[in-house]
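Undergrad: Starting from these lines, generate the structure:
(chains A and B)
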Protein chains: 2
Amino acid sequence: MAITNAIKDFRPIVNDAFVAKAQALTPRLIEREAAPVRTVNIVPRGEDYAAETASPAFDRSAPMGRGNRLCLDFGEHLVGYVTFSLTPVGSPADAPALLRLRFGEIPYEIAADPSQYDGEISRSWIQEEIIHVDVLPRQVSLPRRYAFRYLELAVLDTSPKYRVVVSDVVCRSVTSADMAAVPPLRTDDEDLIRLDRTALRTMRDCMQTVFEDGPKRDRRLWMGDLRLQALTNYAAFRNNDLVKRCLYLFAGLTQNEGRVGACLFTEPSPQVDDTALFDFSLFFPCALWDYFQATGDRETLGELAPTAWRQIELALRDVDSRGLVADREGWWCFLDWGDGLNKQAGAHAVLIYSLRRAAEAARALGDASRAAGYESQIAALTDAALEHLWDEKLGFFVSGAERQVSWASQVWFALAEVFGREQNAALLKHLMERDPGVPMVTPYMYHHFIDALLRCGMEAEALAAMKGYWGEMIKDGADTFWELYDPEDRYASPYGSRLVNSFCHAWSGTPSYFIRTYFCK
Amino acid sequence: MAITNAIKDFRPIVNDAFVAKAQALTPRLIEREAAPVRTVNIVPRGEDYAAETASPAFDRSAPMGRGNRLCLDFGEHLVGYVTFSLTPVGSPADAPALLRLRFGEIPYEIAADPSQYDGEISRSWIQEEIIHVDVLPRQVSLPRRYAFRYLELAVLDTSPKYRVVVSDVVCRSVTSADMAAVPPLRTDDEDLIRLDRTALRTMRDCMQTVFEDGPKRDRRLWMGDLRLQALTNYAAFRNNDLVKRCLYLFAGLTQNEGRVGACLFTEPSPQVDDTALFDFSLFFPCALWDYFQATGDRETLGELAPTAWRQIELALRDVDSRGLVADREGWWCFLDWGDGLNKQAGAHAVLIYSLRRAAEAARALGDASRAAGYESQIAALTDAALEHLWDEKLGFFVSGAERQVSWASQVWFALAEVFGREQNAALLKHLMERDPGVPMVTPYMYHHFIDALLRCGMEAEALAAMKGYWGEMIKDGADTFWELYDPEDRYASPYGSRLVNSFCHAWSGTPSYFIRTYFCK
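TA: Below is the predicted model:
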């Protein structure tokens, strides 16, 4: 995620006991040393770039001087800290060595010139460093964490009297995901094996002291992303305490009136951001219910339930006199990237979806009257939707004053279970056959599409859609799944430049959830 | 200095006892905190740039975002370590801050674009950093040492959601020079006061754990520079142990056959460079003799004398069958920068000059036979010079096969005292009147010119020349004296770009020596 709104008169509310509980659950990171597996040249290929193994004659230990470059491929996406040795060759080093380091999740980030960046979000996300090494020989330890597979070391200068040899390049990778804890996958389907492996790596590299959205960008905890990461985690890593920690962080660090923020920061100290998103706040009760289902941890459910109820309460305030979630200008509800997507119908559906989970939670806690209240809200919202948003002629839900028909609206209404299972299946079939435009553009939205298909029993369609979309990303070179992927517009970015897209993004890691929950139990 | 030769089959020789003695004399640096005194704009002025006080309306505490810059003037040249605070304003910092820092000894270094640098020596000397600050707020401590008066902080990016305030910018300056130890200057001559103050600051900022040539570049100990720094030090700071330490380093870290190197490094561990210069090796006996004269430290004179004798012995090997120091191709003897200067006559004169000091040292140590041997060498070299290098018709010494007449040759022959005092004075007058071309281009060579004038009793001419040359540099904006200054070509550089010139260079600090030794005793 990135690009955000900011709520007015932002006034964060801190529940110290919840934050302390979250901090006590901070995981110890698992470290592993990884070395480059080959030297590559980054070459243009089609509209993109690719990494080709450098000629066997290339000597990685050859001394480098002004203008020389070395591009290393670590063979897999990593998140961690890089060290290398720099040894002068020739006369004693009579000037500092000046190096440029570029880290790339994909080859394009090595080839592109960051000085040409003119995107909207910060250029500071571009992983390039220019460093002076004053004293040689030296073991250089870069203090920042990088997310990358490729590392280009360019010698901007040494001096006429010496050159340098770069050696012992090592990445100390970090993650809180224990790959050894993941149950083996029971299948011979190569496609599924490949999808699962890529998704697990994506998850692994996003699992740090919190579930980060992406380790390159934004490197932080988003509520909407957390919900999907948690689902995948239950099916694979089973690091339930990390989910618990994140839920306590969101509950412990709320915005004005106790609203769960869209995201939060953990450094320098835990702090909620001033961004609010209608759907993301509602995903707190959903993620809490998922957590309880996965763990049976009634104590946590009970302690965090008031925060969940509060999100429902705040969302219901946005229901207008017709019983509909009121449409708004601006970036108030996420659903998906994509220009021009109207959010009203999706938001309405998300509210119903969340109420269902809140009602279940209330029942689990023995709060029958609250559950009944939620059920009546569901009924009212369902009626309003059928009256105002369902277009019988079109056979689609419409959204906003312009009565927009989008994929997102149909998918979310299927998930909201306004119709029964068969009618939902018909809706989704109709959607696929007619393709009304306003498509899905992120793996995050594709997740919900697959989820909706599976909930209607459309396993074959779900499998085909998953293999098609995520499989295509692998064919396009993904080592880890990308934040954004539009098969119709492969180099798209909502940020004005692909250079700051995240190419390891946890909301894209749910194939492992689907595979392990539905296809290879 | 910079640009160097490299001796063949370089094989350093280490005298561990000497190095240990030198290391035991490592000074503790004196630290002082300095804050910026004003905010400036760097503006074009003539062919150069100048710092103008920013409008009073300029608010240094105003938040800065993408593209904003702040240029601070610390009011004086400093050498040290910079810290500052970076505080986000607006929403919580949702992306790293990306900053560019430029340090300038002079305004030009702030205004120039380092990416356009195409000089010969390393671009790594350019004091520019690009840094990411991942977590905000943050006290940023830059790990490298800088030499500067001006610091420009440019915000390359924050994010659309926040900007930063830069505050508490502090330089922790370092030096081994104790300004409090410098005797007050007894004069009302404003020119001399100004020259002395500028020279002392130059010296101060070059006096670190060794006498550095320049704290920006090359940040190391050169034998030729040390000789002049030591002279100024005796007249001002009287940090005699620092001279002793440097002499022990040169004697403890010699090149093949015990030759004193042109320069040496102290980090990561003491090491002689592979550069040899005929005159610089010979300055070891000269500097040792100067040290003994200043301190009366006979033990050091005795212990280091063998190293001194060895330099004379090696230099005498270069005398040809005519009794002249043989001319050579390449960069074998320094004397001065300046294209096309032939070094033969100057080198010959330096040898005589050094023999005189070696003979004195031998006598002081009671070694009459060595002294007599040196005296006979002086006589033979003098005869050869008068026969082959002195051109009676021209009234000048000539150098090399082309019989070049340069200022350097005449000055060094006056210093070698081949003629008596009056004839030397006549030679220097003739030089000034006729100006044969091949001028002096560095303060280093001007030092020797002033020194020669003073040794002939030409105090008025010396004073005028000193005030003219160094005074003009102050008028041109020098806060500390520059490595290079040619009043006829103010923006010259022997390196292909003025950006890497040193603007605080100790070999230019000898006005304090002259003022305190000759003019204001």
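
Undergrad: mind giving me the domain ranges of chain A?
TA: A:13-25+A:184-519, A:30-175 (automatic domain parsing).

Undergrad: For those, could you give me JSON lines that also reports mean pLDDT, distance to A:Asn5 and mean neighbour count?
TA: Every C-beta, even on glycine, is put in place using the N, C-alpha and C of the backbone. Supplementary listing: the domains of chain A in JSON lines, determined by pLDDT from 0 to 100; distance: least, Cβ to Cβ, whole Å; neighbours: other Cβ atoms under 10 Å in any protein chain shown:
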{"stretch": "domain A:13-25+A:184-519", "mean pLDDT": "97", "distance to A:Asn5": "5", "mean neighbour count": "20"}
{"stretch": "domain A:30-175", "mean pLDDT": "95", "distance to A:Asn5": "14", "mean neighbour count": "19"}
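
Undergrad: now the strands for the stretch 201-350 of chain A?
TA: A:221-222, A:253-255, A:259-260, A:263-265, A:271-272 (DSSP state E, counting those that start in this stretch).

Undergrad: Of the domains of chain A, which is nearest B:Ala181?
TA: Closest of the domains of chain A to B:Ala181 is domain A:30-175, at 29.4 Å (criterion: Cβ to Cβ).

Undergrad: Name the nearest residue to A:Met64, ignoring sequence neighbours.
TA: Among residues not flanking A:Met64 along the chain, A:Val155 sits closest, at 4.5 Å (Cβ to Cβ, 6 or more residues apart in numbering or on different chains).

Undergrad: Output the longest strand belonging to chain A.
TA: When chain A is parsed with DSSP state E, its longest strand is strand A:69-90.

Undergrad: Okay, now the sheet partners of that strand, with direction.
TA: Looking at strand A:69-90 with DSSP bridges, its partner strands are strand A:38-45 (antiparallel), strand A:138-141 (antiparallel), strand A:146-157 (antiparallel), strand A:162-175 (antiparallel).

Undergrad: With distance to A:Ser497 added, can I get those in a markdown table?
TA: Supplementary listing: those in a markdown table, determined by distance: least, Cβ to Cβ, whole Å:
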| stretch | distance to A:Ser497 |
| --- | --- |
| strand A:38-45 | 18 |
| strand A:138-141 | 29 |
| strand A:146-157 | 17 |
| strand A:162-175 | 26 |
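
Undergrad: Look up how far A:Asp168 lies from A:Gly65.
TA: 20 Å (Cβ to Cβ, to the nearest Å).

Undergrad: Contact residues of the stretch 1-150 of chain A facing chain B?
TA: A:2-4, A:6, A:10, A:66, A:91-98, A:120-125, A:129-130, A:132, A:134-138, A:144 (Cβ under 8 Å from any Cβ of the partner chain).

Undergrad: what's the distance between the residue of the stretch 351-500 of chain A found nearest chain B and A:Val441?
TA: In the stretch 351-500 of chain A, the residue that lies nearest chain B is A:Val500 (9.3 Å; Cβ to the nearest Cβ). In this view, A:Val500 and A:Val441 are 16 Å apart by Cβ to Cβ.

Undergrad: Next: A:Arg163.
TA: A:Arg163 is 47 Å from A:Val441, where distance means Cβ to Cβ.

Undergrad: can you check A:Cys246 too?
TA: Taking Cβ to Cβ, one finds A:Cys246 at 26 Å from A:Val441.

Undergrad: same deal with A:Asp339?
TA: 9 Å.

Undergrad: Just the CA atoms of stretch A:240-255, as CSV, please.
TA: Output of stretch A:240-255 as CSV, limited to C-alpha atoms (Å, rounded to 0.1, in the frame of the first residue of the first chain):
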residue,chain,number,x,y,z
ASN,A,240,-0.1,-17.5,15.7
ASP,A,241,1.6,-15.3,18.2
LEU,A,242,2.7,-13.0,15.5
VAL,A,243,-0.9,-12.5,14.4
LYS,A,244,-1.9,-12.0,18.1
ARG,A,245,0.9,-9.4,18.4
CYS,A,246,-0.4,-7.5,15.4
LEU,A,247,-4.0,-7.6,16.6
TYR,A,248,-3.0,-6.2,20.0
LEU,A,249,-1.0,-3.5,18.2
PHE,A,250,-4.0,-2.4,16.2
ALA,A,251,-6.3,-2.6,19.3
GLY,A,252,-3.7,-0.8,21.5
LEU,A,253,-3.1,2.0,19.0
THR,A,254,-6.3,3.4,17.7
GLN,A,255,-7.3,6.6,16.2
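
Undergrad: is it up against chain B anywhere?
TA: No - judged by Cβ under 8 Å from any Cβ, stretch A:240-255 makes no contact with chain B; its nearest approach is 10.9 Å.

Undergrad: Among the residues of the stretch 1-150 of chain A next to chain B, which are located in helices?
TA: Among those, no member falls in helices (criterion: DSSP state H).

Undergrad: Excluding chain neighbours, what is closest to A:Leu394?
TA: Nearest to A:Leu394 is A:Val405, by Cβ to Cβ, 6+ apart, at 6.4 Å.

Undergrad: My guess is the one you found contacts A:Phe396. True?
TA: Yes - applying Cβ atoms under 8 Å, one finds A:Val405 in contact with A:Phe396, separated by 4.6 Å.

Undergrad: Taking the stretch 251-400 of chain A, what residue is nearest to chain B?
TA: Closest approach between the stretch 251-400 of chain A and chain B, counting by Cβ to the nearest Cβ: A:Glu267, at 4.5 Å.

Undergrad: What does that residue show for phi and psi?
TA: Dihedral angles of A:Glu267 (phi, psi; degrees, to the nearest 10) stand at phi -120, psi 150.

Undergrad: Contacts only, for it.
TA: B:Asp134, B:Val135 (Cβ atoms under 8 Å, 6 or more residues apart in numbering or on different chains).

Undergrad: roughly how far apart are it and B:Ser159?
TA: Note on A:Glu267: its distance to B:Ser159, by Cβ to Cβ, is 16 Å.

Undergrad: likewise A:Leu431?
TA: 37 Å.

Undergrad: before we move on, what about A:Lys467?
TA: In terms of Cβ to Cβ, A:Lys467 sits 37 Å off from B:Ser159.

Undergrad: Could you pull out the helices in chain A for me?
TA: Counting by DSSP H, chain A has helices at residues A:16-24, A:107-111, A:190-206, A:223-235, A:240-252, A:278-295, A:298-316, A:344-364, A:368-384, A:407-416, A:421-434, A:443-455, A:459-475, A:511-514.

Undergrad: Kindly state which of those helices is positioned closest to B:Cys206.
TA: helix A:107-111 (41.5 Å).
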